[in-house]
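Colleague: pasting the sequence and the predicted coordinates here, then a few questions.
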Amino acid sequence: MEITGTELVRAAALLGAGIAMGFGAIGPGIGEGFTAGKACEGIARAPEHANLLTRTMLVGQAVSESTGIYALVVALLLIFVV
Amino acid sequence: MNDILNPSQWVFAIGDASFALNAETVVMSLFAALALVLLSYAASRRVSMVPNILQNSAEMFVEGFFDLTSSSLGARGSRYFALIATTFLYILISNWMGVAPYLSEPTRDLNTTLALALIGFSVAHYSAIRVKGFKGYVKAYFEPFFLIFPLNVIGELAKVVSLSFRLYGNIMGGAVIILVVSDLVRQLVLPPLMMIFFGFFVGTVQAFVFAMLTLTYISLAVRD
Amino acid sequence: MINPVHLSDAAAYLGAGLCMGLGALGSAVGEGKTAANTAESMARQPGASEDLLKTMLVGQAVAESASIFSLVVAVLLIFGERAGTGVEAMSLFTAGLCMGTGALGPGYGSGLAAKAATLSVGRNPHSHTRVQTTMLVGQAVAQTPAVFALMISFLLIFRQSPLGWGLETLAATLAAGVSVGVGAIGPAIGSGYAASAAVEGVAKNPTHSTTLIRTMLLGQAICQSTAIYALLVSLILLYMV
C-alpha cells in the first residue's frame, strides 16, 4: 500500500483534531466543576446571596470555558480547513 | 441500529432543490405538542377553589417556575415565564415519550434540539438589543478589549452547540444504549429499568437543565 | 501477510483489555474512598450506621455503572462477530480505548459525590433522604460523559466499515475515540466535585436544598459543555470526514 504525502498530512490533521479536543476538554471540565462546587459551598453558607453567587459562577465558568472553545476551534480548523 | 441512525424521510422536490423531512420526528413532535395542549386544557378546564389533583399540580408547577424566572430576571421575569415553562414542559413530554411503546422521542433528532436552542438564542439576543440598545449590544462583543471580538462571537455560537448537543447526546445515547443492551440480554429484565432511568430520570433532569440554561443565557444577555 | 480477520481479532482483544483495565480504575478508586469515609463516619456516629450503609451502597452502585458500561463493551468486543473488512480492526480497538478512558472520569467523579454523601450523613444523620437525592441527581449528571463514550463505542462496534483502506479513515476513527474518551475525563471529575460540594452543602443547610440542587445542575451542565464539544468533534470525524 502506497501512502502519499497529502494522505499523511490529512491523517495527521484528523488525528490532531481528536487529540486537541480530547485533551483540551480535561482542564476546563475540572476547572468549571471546581467553580460550581465552590459556588455550592458558598450558597450553603450564605443562602441569601444565592443569585449573586450563581451569577459569579456563570461568569467565571464562561471565562474558563474559553480554552475549551479554543480546542474546539482548532479541532474544527484541522478537520475542515487543513 | 440503522433505524435509529437513518430515520425514514419524506423527500420533496421543488424545482431543482430537494428537501427532506424526518417523518418520525415531525409526527412525534406534533404528538408532543398535542399532548401538551390537551394536558393544559384538562388542568384549566374546571378551576375551583378546592383544586383537584391535576389543577393542584399545575398550580404548583406554575408557581415554582414563576419563582425561578423572577428570581433570576427580577421584574422582567413575567415576560419570559411562558417561554421557559413551555420549553421545559415540551422537552419533558418529548423525553418521556420514549418510554411508551410505538412512540419515540422527537428530541432524539438533532433538528428538534437545535431548533429549541435557536429559539432561546434568538430571544436572548433580541432581548439584549431591546434592553441595551443596538450600540450597547455591539459594544459588549468588544469587551474586555477590542481583539477579543471573534472569540466572543464563537463563544455565543458555542452556547447553541452545547445546548442542543447536550439534550441530543443524552437522549440519543440513552436510545442507542437501550437498543444494544436489550438485544444483548434478549429483552430480559433490564430494558424496563433502563427505560425508567434514561426516560424518566435523565429525561427530567435534562429538560430542567435545558430550560434553566435558556433562562440563564437570557438573564446574562439582559444584565446591565 | 496477516489474515484480516486475525488482525480484527487482535485489535478487538487489545481494545477489550484496555477498556476493562482503564474502565475499572476510576470507579474502584472512587468507591474505595466512599467505603473509607463510611467507616470513618460510622466510628463517629454508630447510631446512624444503617443510613450510612444504605447511602454507601446506593452511591457505589451508581459509581459502578461506568465500569459496567466498560464491561459491556469489553464483552461485545470479545464475543462479537468479525468480518475482517476495511477499517474494522481500528474501529474495534478504538471502541475499547474510547470506553476505557471515558469511564475513568465518571467513575471517579461519582465516587467523589458518594464519598461526600457518606461524610455528610455521618455529620447530619437527619438529612439523609435529602443528601441521597442530591447525590443521585449529581451522580447521574456526572455519568453523562460515560454515556457519550458508550454511544460512540457502540457506533464504532456496529459500524458498517467503509471498504477503503485509507490512512485518512484510520486516523479519523482513532481520533473520534480519543476525542470523546479522553474528553470525558475532565468534565466528569469536575461534575463529581460540584456534586460532592452540593451534597455537603445540603447536609449543612437542608432548608436550602432546592437552591443547591439547582445551582449544582446549572454548574454541572456548563462544566460538561467541553465533553459535548468532544462528542461533536467525534461525530463529525465519524460521519462527515
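Modeller: Received it, and whenever you're ready, just let me know what you need.
Colleague: and B:Leu21, how many neighbours does it have?
Modeller: By the measure other CB atoms under 10 Å in any protein chain shown, the count of residues near B:Leu21 is 14. All C-beta atoms are positioned from the backbone trio N, CA, C, and that covers glycine.
Colleague: state the distance from it to chain C.
Modeller: Distance of B:Leu21 to chain C, given as CB to the nearest CB, to the nearest Å: 20 Å.
Colleague: dump the residue contacts of the residue in chain B that chain A sits nearest to.
Modeller: Chain B approaches chain A most closely through B:Ala158 (5.2 Å), counting by CB to the nearest CB. Counting by CB atoms under 8 Å, 6 or more residues apart in numbering or on different chains, B:Ala158 touches A:65, A:69, A:72, C:225, C:229.
Colleague: name the nearest residue to the fourth one, sequence neighbours excluded.
Modeller: Computed as CB to CB, 6 or more residues apart in numbering or on different chains, the closest residue to C:Ser225 that is not its neighbour in sequence is B:Ser162, at 3.8 Å.
Colleague: the longest helix in the chain is where?
Modeller: The chain I'm using is chain A. helix A:50-80 (DSSP state H).
Colleague: my bad, the chain I had in mind was chain C
Modeller: Longest helix in chain C, counting by DSSP H: helix C:4-44.
Colleague: in the chain, which segments are predicted with low confidence?
Modeller: Went with chain A since none was named. Counting by pLDDT under 70, the ranges of chain A that qualify are A:1.
Colleague: switch to chain C, please.
Modeller: If you take pLDDT under 70 as the line, chain C has these spans: C:86, C:161-165.
Colleague: name the nearest residue to the closest residue to chain B within chain A, sequence neighbours excluded.
Modeller: Residue nearest to chain B within chain A: A:Ile69 (5.2 Å; CB to the nearest CB). Take A:Ile69 and drop its neighbours on the chain: the residue closest to it by CB to CB, 6+ apart is B:Ala158, 5.2 Å away.
Colleague: got it, and A:Gly60?
Modeller: Among residues not flanking A:Gly60 along the chain, A:Thr35 sits closest, at 5.0 Å (CB to CB, 6+ apart).
Colleague: before we move on, what about C:Ala230?
Modeller: Closest to C:Ala230 by CB to CB, 6+ apart is C:Gly183, at 2.9 Å.
Colleague: thought the residue of chain A closest to chain B was touching B:Glu156?
Modeller: No: using CB atoms under 8 Å, A:Ile69 makes no contact with B:Glu156, being 10.3 Å away.
Colleague: who's more crowded, these two?
Modeller: Ranked by neighbour count (other CB under 10 Å), A:Ile69 and B:Glu156 place A:Ile69 first, with 23 against 15.
Colleague: residue contacts, that one?
Modeller: Contact analysis of A:Ile69 by CB under 8 Å, 6+ apart lists B:151, B:154-155, B:158, C:229.
Colleague: how about the spatially most central residue of chain B, nearest residue that isn't a chain neighbour?
Modeller: In chain B, the centroid-proximal residue (CA atoms, centre = their mean) is B:Ile91; its distance is 4.5 Å. Take B:Ile91 and drop its neighbours on the chain: the residue closest to it by CB to CB, 6+ apart is B:Ala207, 4.0 Å away.
Colleague: gap between stretch C:214-225 and the chain center?
Modeller: Chain-centre distance of stretch C:214-225: 17 Å, with CA atoms, centre = their mean, to the nearest Å.
Colleague: got it, and stretch A:10-25?
Modeller: 13 Å.
Colleague: is that stretch positioned near chain B?
Modeller: No: judged by CB under 8 Å from any CB of the partner chain, stretch A:10-25 makes no contact with chain B; its nearest approach is 11.7 Å.
Colleague: CA atoms only: put that stretch into CSV for me.
Modeller: Output of stretch A:10-25 as CSV, limited to C-alpha atoms (Å, rounded to 0.1, in the frame of the first residue of the first chain):
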residue,chain,number,x,y,z
ARG,A,10,-4.6,14.8,6.1
ALA,A,11,-4.4,11.8,8.5
ALA,A,12,-2.2,13.7,10.9
ALA,A,13,-4.6,16.7,10.9
LEU,A,14,-7.6,14.5,11.7
LEU,A,15,-5.7,12.7,14.5
GLY,A,16,-4.6,16.1,15.8
ALA,A,17,-8.2,17.3,15.8
GLY,A,18,-9.2,14.4,18.0
ILE,A,19,-6.3,14.8,20.4
ALA,A,20,-6.8,18.6,20.6
MET,A,21,-10.4,18.3,21.6
GLY,A,22,-9.9,15.3,23.9
PHE,A,23,-7.1,16.7,26.0
GLY,A,24,-8.4,20.2,25.7
ALA,A,25,-11.6,19.1,27.4
